[in-house]
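Trainee: Pasting a predicted model and its sequence here:
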Amino acid sequence: MNDVYAGNKRLSSLLILTERLYAEPASHYRAKILGGPHFIGWGPDTYKSAEIVDAVNFAAVAIVQALTQKRVDVPPPAWRPQHQAPPTPSIAEFDAASLAQALGQS
């Protein structure tokens, strides 16, 4: 940022770099938007890898069951970070004026 203010970098370069933060899997900013630090490093390729692990596990179970005629439990799916829904405000969080305005009773 100091380079921008000093005039050594163009502002458009800074905008391009900051817009990239939304899509960068290693971005702490993106992880915060998605729900926490456990999203750091999770991009499309990481989710695909988890899907491949699940598919290989399922195929291995299917092959073992077909060859041995024994019931084999399918292992649980590979871990993936879960998106957290934003908290829903409760009615107690609104004051009377805001509630009246929301209901159109100003």
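Mentor: That came through fine.

Trainee: export stretch 32-39 as CSV, just CAs?
Mentor: Extracted in CSV, the C-alpha atoms of stretch 32-39 (Å, rounded to 0.1, in the frame of the first residue of the first chain):
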residue,chain,number,x,y,z
LYS,A,32,-13.3,-15.3,6.3
ILE,A,33,-16.2,-14.7,3.8
LEU,A,34,-16.8,-18.4,3.4
GLY,A,35,-17.0,-19.1,7.1
GLY,A,36,-13.6,-19.4,8.8
PRO,A,37,-9.9,-20.3,8.5
HIS,A,38,-10.7,-23.9,7.7
PHE,A,39,-11.4,-22.8,4.1
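
Trainee: What lies in contact with that stretch?
Mentor: 22, 28, 30-31, 81-84 (CB atoms under 8 Å, 6 or more residues apart in numbering). In this view, the C-beta of every residue, glycine as well, is placed from N, C-alpha and C.

Trainee: run the last query once more with 10 Å
Mentor: Residues outside stretch 32-39 that contact it (CB atoms under 10 Å, 6 or more residues apart in numbering): 21-22, 25, 27-28, 30-31, 40, 42, 46, 79-86.

Trainee: Then stretch 54-72?
Mentor: Outside stretch 54-72, the residues touching it (CB under 10 Å, 6+ apart) are 73-78, 80.

Trainee: Surely Ala23 is in contact with Leu17?
Mentor: No: the pair Ala23 / Leu17 is not scored as a contact, 11.8 Å apart, by CB atoms under 10 Å.

Trainee: so what sits against both of the two?
Mentor: Both Ala23 and Leu17 lack any common contacting residue under the criterion CB under 10 Å, 6+ apart.

Trainee: still on that earlier bit, from the contacts of stretch 54-72, keep the buried residues only.
Mentor: Buried members of the contacts of stretch 54-72, counted by 16 or more other CB atoms under 10 Å: none.
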